[in-house]
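*Asks:* Take a look and give me a structure for this.
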Amino acid sequence: VLEIFDNKSIEIFLPRNDVEISLDNVFDLIKIHEKSDIFYSEQLSKEIDFVSSHFFELSESQEEKVGCLNIKTIERILENCQLQLKDENQLINFINRLYLRDSFYSNLYEYVFFSFVDENKISEFIDIFDINDITHDIWLNISYRLKEKTINNDK
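*Replies:* Predicted coordinates:
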């Protein structure tokens with residue numbers, strides 16, 4: 001009822017659940033806490049911090065589980081200051097795979113720093129991305145890449 005009426009002035013103190021977050025259980029915990037994120041905001045924040053700080057390994061070993069999270073949760077992971085990536089190519093690979101499943105994920109490209117994406121991944125992005133899905137923030141990130149000095153290797 002509190003969620004339906006969007007009441008944020010009532011605090012509910014739930015018993016502490018001191019389950020240690022691990023690579024094996026983090027997605028199960030998030031799935032439980034996503035359903036009632038108002039009541040489990042503290043736990044969900046800790047789990048999002050954990051996924052962000054282990055994203056470089058989780059996005060490859062458990063990509064399906066990451067991709068099954070609520071899009072708001074995925075956005076919170078990608079904008080988290082603890083996000084750890086091998087490189088920007090890893091992020092665009094992850095988003096490309098989600099986008100190929102459903103263009104609903106297009107706004108996740110707003111989190112990509114295209115300046116740090118290699119030419120092959122840029123080409124892949126261009127091949128799959130529908131211009132009708134572009135947002136202002138995606139365009140800004142792409143435009144930074146376009147403004148960079150290019151090196152011509154055709155000497």
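*Asks:* Please make it C-alpha for all contacts and neighbour counts, starting now.
*Replies:* Noted.
*Asks:* Next, work out how far apart Leu44 and Glu148 are.
*Replies:* Using C-alpha to C-alpha, to the nearest Å, we find Leu44 at a distance of 38 Å from Glu148.
*Asks:* So these two - more neighbours on which side?
*Replies:* Using other C-alpha atoms under 10 Å, the more surrounded residue of Leu44 and Glu148 is Leu44, with 22 against 9.
*Asks:* what's the offset of the strand or helix carrying that one from the middle of its chain?
*Replies:* Using DSSP states H and E, Leu44 sits within helix 41-53. Centre-to-centre, helix 41-53 and its host chain are 13 Å apart (C-alpha atoms, centre = their mean, to the nearest Å).
*Asks:* any idea of the mean pLDDT in that helix?
*Replies:* Model confidence over helix 41-53, given as mean pLDDT, is 93.
*Asks:* Name the residues of it that are buried.
*Replies:* Within helix 41-53, the residues that count as buried by 16 or more other C-alpha atoms under 10 Å are Gln43, Leu44, Ser45, Glu47, Ile48, Asp49, Phe50, Val51, Ser52, Ser53.
*Asks:* Okay, and the closest residue to the first one other than its chain neighbours sits in which element?
*Replies:* Spelled out, it's Gln43. Excluding the flanking residues, the one nearest Gln43 by C-alpha to C-alpha, 6 or more residues apart in numbering is His33, at 7.3 Å. Per DSSP H and E, His33 falls inside helix 26-34.
*Asks:* Nice, that's everything, thank you.
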